[in-house]
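In: A structural model of the following input is requested.
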Amino acid sequence: MKKRPGGTTHLSISLPTDEAKLLKRRAKRVYDGNVSRVVSDAIRYIAYEEGRDALIASFGGKGAPAPEEAARLDAAWGLVAKKSA
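Out: Residues are numbered from 1 along each chain as shown. Below you'll find the predicted structure:
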């Protein structure tokens, strides 16, 4: 496996068995077993949500998108998982 740019940090985490199985299953299906890539995907999504929350707060916290609006924005910004045909 090649080194990632910018270096890495080793983490040790404890997860419920069901969540660990979910990570491993997705890693096997999408990234040839690389669990770190799945975790990185999850972190990018969290970063997106944090950015969205910061943007909303920058407007004075006068509103938050309704669930339907948030889903529509996610779709428009390409953040919705594409369904397999």
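
In: so where do the helices sit in the chain?
Out: Defined through DSSP state H, the helices belonging to the chain, from first to last, are 17-30, 35-58, 67-76.

In: Name the surrounding residues that touch the second one.
Out: Under the criterion C-beta atoms under 8 Å, 6 or more residues apart in numbering, residues 23-24, 26-27, 30-31, 63-65, 73, 79 lie in contact with helix 35-58. Just so you know, the C-beta spots here come from the backbone N, C-alpha and C atoms, and that holds for glycine as well.

In: Helix or strand with the lowest mean pLDDT in this protein?
Out: The helix or strand of the chain with the poorest confidence is helix 67-76; it has a mean of 87 (mean pLDDT, DSSP states H and E).

In: returning to what we had before: closest to residue 5 out of the helices of the chain?
Out: Comparing the helices of the chain against residue 5 with C-beta to C-beta, the closest turns out to be helix 35-58 (12.7 Å).

In: So which bits of that closest one are buried?
Out: Of all the residues in helix 35-58, those buried under the rule 16 or more other C-beta atoms under 10 Å are 38, 52.

In: Okay, angle between that helix and helix 17-30 too, please.
Out: In this structure, helix 35-58 runs at an angle of 100 degrees to helix 17-30, with axes from the mean of the first three to the mean of the last three C-alpha atoms, to 10 degrees as the basis.

In: still on that earlier bit, now for the contacts of helix 35-58, which pair is the farthest apart?
Out: 24 and 63 (39.4 Å).

In: Those two: who's more crowded?
Out: Each of residue 24 and residue 63 had its neighbours counted (other C-beta atoms under 10 Å), and the higher figure belongs to residue 24 (13 against 9).
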